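In: Got a predicted structure plus its sequence, pasted below:
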Amino acid sequence: MKAKILIRPKDGILDPQGRAVERALPALGFEGVHEVRVGRLVELETDDPGKVDALCEKLLANPLIEDYEVEIDG
Amino acid sequence: MIGVIQFPGSCDERDALAAVRRVGEGRLVWHEETDLAGLDGVVVPGGFSYGDYLRAGAIARFSPAMEAVSRFAAEGGAVLGICNGFQVLCEAGLLPGALLPNEGLRFICRQVGIVAEDFRGPFGSEIGAGKRLSIPIKHMSGRYFAPDDELNRLEANGQVAFRYAAGENPNGSVREIAGVVNESGNVLGLMPHPEHAVDPLTGSDDGLALFRALVRAPQAAAA
């Protein structure tokens, strides 16, 4: 099965990468864009989708600083 | 005998070993070693362990040597984690908190002032509260973070080891924290590099005190 895992900085944690993107946008003519947050997307195939949460907790995300969402494609 | 862990991608293990040897005996410990018998202390050095491909320190924590370091620390052994070593110890859960990319996103390499808190354990008693040290930093992800309630607990419990001197916070660390210890004080992690501050010729020998504390820790624990 395929899984997509979306990992993002937790609310309230300063995301300097998102801030840098947000500051660059007006120079390119994109006004009115706010609250940019940059995360990452992990795609994987697994034989045991039941373990995806555990592998996120243990390796892919650091739960102290990151939230994650798992989407399983049947 | 102090062991300095060497991961693929470590780059400060030889400087750390040289620093250890100024005050005691040391040897390198390859990341596949699982037996730390005979060691009196451990350094987890700086660098880019396993390339830091996921998050800094996230992969190294699963190395065989780190499992051995976890047992060593649980038995009260003194462990000093420097820069990437600090990140590894946080990822391994041996130290509270996490290190995030610098607020300014740039790699920073320069001398900073740090001030010791009144913190527990062999390192704290060697350094002494209020002592100011001049030590270089060189990192990309050094912004210390822990949630507010955790920070309050760390401060109440004497676990904040070092803060950047007033006005010198280089990376946006919460409450200017440059280093922390675990609950029992035998594991210390810090972002600055004491192994690069062991000779006045290169600007400062303030880092030696940390290696002295590491070498003396077993006697300190026995006393």
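Out: Nice, thanks for sending it over. Because the structure is a prediction, the values reported are computed rather than measured.
In: Would you agree A:Ile72 is in contact with A:Lys2?
Out: Yes. At 7.4 Å, A:Ile72 and A:Lys2 qualify as touching, with contact defined as C-beta atoms under 8 Å. In this view, the C-beta of every residue, glycine as well, is placed from N, C-alpha and C.
In: elements contacting the least confident helix or strand in chain B by mean pLDDT?
Out: Of all the helices and strands that make up chain B, the one with the lowest confidence by mean pLDDT, DSSP states H and E is helix B:208-222; it has a mean of 90. With contacts defined as 3 or more C-beta pairs under 8 Å, 6 or more residues apart in numbering or on different chains; DSSP states H and E, the packing partners of helix B:208-222 are strand B:2-6, helix B:13-23, strand B:41-44, strand B:78-82, helix B:122-127.
In: Throw those into JSON lines and include mean pLDDT and distance to B:Val181, thanks.
Out: Conversion of those to JSON lines gives the following (pLDDT from 0 to 100; distance: least, C-beta to C-beta, whole Å):
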{"stretch": "strand B:2-6", "mean pLDDT": "98", "distance to B:Val181": "18"}
{"stretch": "helix B:13-23", "mean pLDDT": "98", "distance to B:Val181": "18"}
{"stretch": "strand B:41-44", "mean pLDDT": "98", "distance to B:Val181": "14"}
{"stretch": "strand B:78-82", "mean pLDDT": "98", "distance to B:Val181": "10"}
{"stretch": "helix B:122-127", "mean pLDDT": "96", "distance to B:Val181": "7"}
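In: Out of these, which gets nearest to B:Asn182?
Out: Nearest to B:Asn182 among the helices and strands packed on helix B:208-222 is strand B:78-82 (8.6 Å), distances taken as C-beta to C-beta.
In: Just the angle for that closest one relative to helix B:13-23, thanks.
Out: Angle, strand B:78-82 to helix B:13-23, by axes from the mean of the first three to the mean of the last three C-alpha atoms, to 10 degrees: 130 degrees.
In: Tell me the strands beside strand B:78-82, with direction?
Out: Strand partners for strand B:78-82, identified by DSSP bridges, are recorded as strand B:41-44 (parallel), strand B:187-190 (parallel).
In: Please name the nearest non-neighbouring residue to B:Ala220.
Out: On the basis of C-beta to C-beta, 6 or more residues apart in numbering or on different chains, the spatially nearest residue to B:Ala220 that is not a chain neighbour turns out to be B:Pro122, at 4.4 Å.
In: Might one say that the one you found is in contact with B:Gln219?
Out: No. Here B:Pro122 lies out of contact with B:Gln219, judged by C-beta under 8 Å, at a distance of 9.0 Å.
In: and those two? which has more neighbours close in?
Out: The residue with the greater number of neighbours, taking B:Pro122 and B:Gln219 and applying other C-beta atoms under 10 Å in any protein chain shown, is B:Pro122; the counts read 23 against 10.
In: any idea how far B:Val112 is from the more buried one?
Out: Distance of B:Pro122 to B:Val112, given as C-beta to C-beta, to the nearest Å: 23 Å.
In: Ok, A:Arg23 next?
Out: 26 Å.
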